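1. Structure for this input, please:
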Amino acid sequence: MKKQIMKFKVAFSKGNAIPLILLVAIAVMAISGCQTTETPAEETTFRHHVIFDTDADNEIDDQHALAYLLFSGDVFAVEGVTVNATSSPVDGVTYSPVSDHYDEAERVMRLCGVFNDIPLLTGVQGSFEEIKDYIDQPDFDGHEAVNFIIEQALKERDQELILLPVGKLTNIALALLKEPAIAENIRIVWLGSNYPRPGEHNQNWDVPSMNYILDVDVPFEMVTVRYGDPSGTDAVKVTQAQILHRMPGKGPRISEPVTGRHGGEFFTWGDYSANLFEMYGMWGNPPSRPLFDQAAVAVVKNPDWAESFEHPAPIYIDGQWVERPDNMRKITIWEWFDIYGIINDFFITMDNYVIAERP
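-> Next up is the predicted model:
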């Protein structure tokens, strides 16, 4: 701006016929042209309304997917976070309670600065078959999360409510069973299944809940895992070295520390991320871990980061997929993920976070 004004002064001093009033007018126009008026983000940016459903204490991808979502506030408005229990055995006998998953989700939400603003609700410990006959009782297993999903899905809004389950599908299947009308208002984007191969952790923890949703007329998308296959989210890996180099200190610094899952006190999400990667087992050379769940968030954020196709909804029986080619009910299957695009956006988001709000 100073250079532009100096040019005007030089031109006038050399005798060029530029009237003073015109010189002033040009200078004012130049100053005005250098100023920008920012419109509030909520007036210019469409944001997806989502509920994130997670078994947060299971591995380390849930926490990173949740932070990625909560730091993408320019794209997502987060209605709430619900939890469920799918975990490895403790001492080979029992399984961690759903409260452990609640506690881990709370840690991430506190570190991301949203715990007091976005609801966190306890969901199911058990399975669809164990709970389905009791959903009319006030305190059935998972009632807080299930009723919250129903309440939000029936809420009047000008867009669909996206449910992002990254664990078993029990909370969502029970919500659909209890209130079928929500099917018209939701879109389910699920991280799960090795389709068309058998197996996969989230699926195996509650196959009946998945089969129930496969037979309900509701938008349902499977973000495939496919262990060991480059076409699934198993290929969306980040190395321990990348996390330890890029993550420390990232995110807002909170005033009261959060005690981590493995102990220690943390004031930023980035420091906790690094701790999780230090404490959890890595594989390969260089040591790395897939961020499966993050890919489910990513394909909603940018559908170009994967390939998808519609397919007649199959069913899973006796440990095998059974195709139903004449089934009029279609689902969407996601595969072949843009690993660089997703991981690069994760780190960019961590560097330039926009904290999500509840609409």
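2. Please report the distance of the residue nearest to residue 355 when sequence neighbours are not counted from residue 117.
-> Once flanking residues are discounted, residue 355 sits nearest to residue 73: 5.1 Å by Cβ to Cβ, 6 or more residues apart in numbering. Quick note: C-beta positions are derived from backbone N, CA and C, even for glycine. Counting by Cβ to Cβ, to the nearest Å, the gap from residue 73 to residue 117 is 11 Å.
3. Quickly list what's touching both of the two.
-> residue 357 (Cβ atoms under 8 Å, 6 or more residues apart in numbering).
4. neighbour-wise, which of the two wins?
-> Higher neighbour count among residue 73 and residue 117: residue 73, with 19 against 12, using other Cβ atoms under 10 Å.
5. if I pick that one, what's in contact with it?
-> Counted by Cβ under 8 Å, 6+ apart, residue 73 has contacts 47, 353-357.
6. what residues go with each domain of the protein?
-> 2-34, 47-351 (automatic domain parsing).
7. I'd like those domains laid out as CSV, including mean pLDDT.
-> Listed next are the domains of the chain as CSV, based on pLDDT from 0 to 100:
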stretch, mean pLDDT
domain 2-34, 36
domain 47-351, 96
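8. Deepest-packed of those, please.
-> Here the criterion is mean neighbour count by mean count of other Cβ atoms under 10 Å, and of the domains of the chain the winner is domain 47-351, at a mean of 19.
9. distance between the ends of it?
-> In domain 47-351, first residue to last residue: 20 Å (Cα to Cα, to the nearest Å).
10. now stretch 55-72
-> End-to-end distance for stretch 55-72, by Cα to Cα: 20 Å.
11. Check stretch 55-73 too.
-> In stretch 55-73, first residue to last residue: 22 Å (Cα to Cα).
12. quick one: that stretch to chain centroid distance?
-> In terms of Cα atoms, centre = their mean, to the nearest Å, the centre of stretch 55-73 is set 7 Å apart from its chain centre.
13. Same check on stretch 163-170?
-> Centroid separation for stretch 163-170 versus its chain: 11 Å, with Cα atoms, centre = their mean.
14. just the CA coordinates of that stretch, formatted as CSV?
-> Provided in CSV are the C-alpha atoms of stretch 163-170 (Å, rounded to 0.1, in the frame of the first residue of the first chain):
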residue,chain,number,x,y,z
LEU,A,163,-23.9,-41.0,12.0
LEU,A,164,-20.2,-41.9,12.0
PRO,A,165,-19.9,-45.3,13.8
VAL,A,166,-16.3,-46.5,14.1
GLY,A,167,-17.0,-49.5,16.4
LYS,A,168,-19.8,-52.0,16.4
LEU,A,169,-23.2,-50.9,15.1
THR,A,170,-25.3,-51.7,18.2
